[in-house]
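> what follows is a predicted structure for the sequence shown.
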Amino acid sequence: MTDVETDSPALTLSDGAFQRIQTAIVKGEIPPGTRISEQYLSTTFGIGRGPLREAIRRLEGRRLVVRIPHAGVRVVSLSYEELIELYHVREALEGMACRLAAEHMTDDEIATLRDVLATHEKHSGLQANKSYYQQEGDLDLHYVIIRGSKNKALSDMLLGDLYHLVRMYRYRYSSTPKRPQQAFAEHHRIIEAIADRDGELAEMLMRRHISASRRNIERRMHEQGSAVTSPGESV
């Protein structure tokens, strides 16, 4: 691809649509199971059908939307059982990643972890103890720790196709009363264990952190007495 093609207006519009729709999905503004209407999204985000279709294609690649025969495109959803299984896997693998991060992260990388946490602390949702939204990649504490494990196989598993799906459910259930500040405090303790090069403690704290999130989901789902999604909604 040439530089001219890279800077083309269509690609720029597609990038903007992709980022805005992805954020809306992750933050639950477009809930799991919702049918995607190109007309609605085109009107809402003020963008043409061509760039919008490219954005949807990229969202499919990230497994945030799925194309269902005779039913169109929907935001991906997990059953209660699938979601709990995913959290059990996260607990084991991210615990391992945290132990390895304590062993392999440089002092500069640990300083970056602290900077990311300081950025999170300024978020209005966290200050109000209502939500804890982490942007993707280098602004996501979990992402930075996993990369810091320096284990490619582990990174590929945790930061591949399921990464953005996990982000969607992490944010959705972070809005439980009092959970945002609790999660932030847990992150702080995890970083200190990594800084102390205490891999065993770092792993235990990360496993506890994800286990607490899983129990929070289980509690909320039992209170709601319904499925993870409400199928049939459309945007």
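Done, it's in.
> from now on I want contacts and neighbour counts done on CA atoms only, so please keep to that.
OK.
> from the contact counts, what lies against the helix or strand containing residue 205?
For residue 205, the host element (DSSP states H and E) is helix 199-224. Contacts defined by 3 or more Cα pairs under 8 Å, 6 or more residues apart in numbering; DSSP states H and E place helix 199-224 against helix 80-104, helix 179-195.
> switch to 10 Å and redo it
Here helix 199-224 touches helix 80-104, helix 163-172, helix 179-195, going by 3 or more Cα pairs under 10 Å, 6 or more residues apart in numbering; DSSP states H and E.
> by how many degrees do the second one and helix 199-224 diverge?
Our comparison of helix 163-172 with helix 199-224, counting by axes from the mean of the first three to the mean of the last three Cα atoms, to 10 degrees, yields an angle of 60 degrees.
> give the rounded mean pLDDT of helix 163-172.
Helix 163-172 shows a mean pLDDT of 84.
> same question, stretch 203-220
Here the average pLDDT along stretch 203-220 is 93.
> in that stretch, what counts as buried?
For stretch 203-220, a neighbour-count test (16 or more other Cα atoms under 10 Å) marks 203-207, 209-214, 216-218 as buried.
> that older thread, now the helices and strands packed on helix 199-224 as JSON lines including mean neighbour count and distance to residue 48?
Output for the helices and strands packed on helix 199-224, formatted as JSON lines (neighbours: other Cα atoms under 10 Å; distance: least, Cα to Cα, whole Å):
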{"stretch": "helix 80-104", "mean neighbour count": "20", "distance to residue 48": "35"}
{"stretch": "helix 163-172", "mean neighbour count": "20", "distance to residue 48": "25"}
{"stretch": "helix 179-195", "mean neighbour count": "19", "distance to residue 48": "37"}
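> for residue 60, find the nearest of these.
The closest of the helices and strands packed on helix 199-224 to residue 60 is helix 163-172. By Cα to Cα, the value is 11.2 Å.
> list the contacts for the residue lying closest to residue 201 once chain neighbours are set aside?
Leaving aside its chain neighbours, residue 201 sits nearest to residue 193 (6.2 Å; criterion: Cα to Cα, 6 or more residues apart in numbering). Residue 193 is in contact with 98-99, 102, 187, 199-206, counting by Cα atoms under 10 Å, 6 or more residues apart in numbering.
> look up how far residue 116 lies from residue 193.
Distance of residue 193 to residue 116, computed by Cα to Cα, to the nearest Å: 16 Å.
> do the same with residue 160
21 Å.
> same thing with residue 220?
28 Å.
> how about the nearest residue to residue 144, chain neighbours excluded?
Residue 144 sits nearest to residue 138 (Cα to Cα, 6+ apart), 5.9 Å away.
> count of residues packed around the one you found?
15 (other Cα atoms under 10 Å).
> and if you look at residue 60?
By other Cα under 10 Å, 17 other residues sit near residue 60.
> go on, residue 142?
22.
> which strands or helices does the one helix or strand it maps to pack on?
Here residue 142 sits within helix 141-148, counting by DSSP H and E. The contact analysis (3+ Cα pairs under 10 Å, 6+ apart) places helix 141-148 against helix 80-104, helix 107-121, helix 152-158, helix 179-195.
> try it again at 8 Å.
helix 80-104, helix 107-121, helix 152-158.
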